[in-house]
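In: Quick one, structure for this:
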Amino acid sequence: MYFEEIKTILTDVLSLGENGRHLTADSALLGALPELDSMAVISLIAALEEHFDIAIDDDDISASTFATLGSLTAFVADKRAP
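Out: Sure, this is the predicted structure:
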């Protein structure tokens, strides 16, 4: 549901350009994308919070959240659930 939006945000935040178009739900993120360092994670979280009008607490963040594009999408969907 949010996959394409999150893929676009990720691509923009990490400046992946054309490489971002090839990301799938199974694409590994943390540890696989050199652009996704600790500062980029903070920027990505801020962009997701702003775009989706959600609050992400420090306790919400784990390596499993950023394991794949699919896990990140599921996380955002969960945060948006009523």
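In: Give me the pLDDT for the closest residue to Val76 other than its chain neighbours.
Out: Leaving aside its chain neighbours, Val76 sits nearest to Tyr2 (5.2 Å; criterion: C-beta to C-beta, 6 or more residues apart in numbering). (C-beta placed from N, C-alpha, C; glycine too.) Tyr2 is assigned a predicted lDDT (pLDDT) of 96.
In: And the one 3 residues further on, by the same measure?
Out: At Glu5, the predicted lDDT confidence score is 97.
In: Just the element for it, please.
Out: Element membership for Glu5 (DSSP states H and E) is helix 3-13.
In: Check which helices and strands that helix sits against.
Out: helix 38-52, helix 69-80 (3 or more C-beta pairs under 8 Å, 6 or more residues apart in numbering; DSSP states H and E).
In: Could you measure from the residue nearest the centre of the chain over to Asp37?
Out: Nearest to the centroid of the C-alpha atoms of the chain, with distances taken as C-alpha atoms, centre = their mean, sits Leu72, at 5.0 Å. The spacing between Leu72 and Asp37, counted by C-beta to C-beta, to the nearest Å, is 16 Å.
In: Over to Ala74?
Out: Ala74 sits 23 Å away from Asp37, going by C-beta to C-beta.
In: what's the answer for Asp26, then?
Out: Distance, Asp26 to Asp37, using C-beta to C-beta: 22 Å.
In: before we move on, back to that, any idea how many residues pack against the residue nearest to Val76?
Out: Residue crowding around Tyr2 was assessed by other C-beta atoms under 10 Å; the count is 18.
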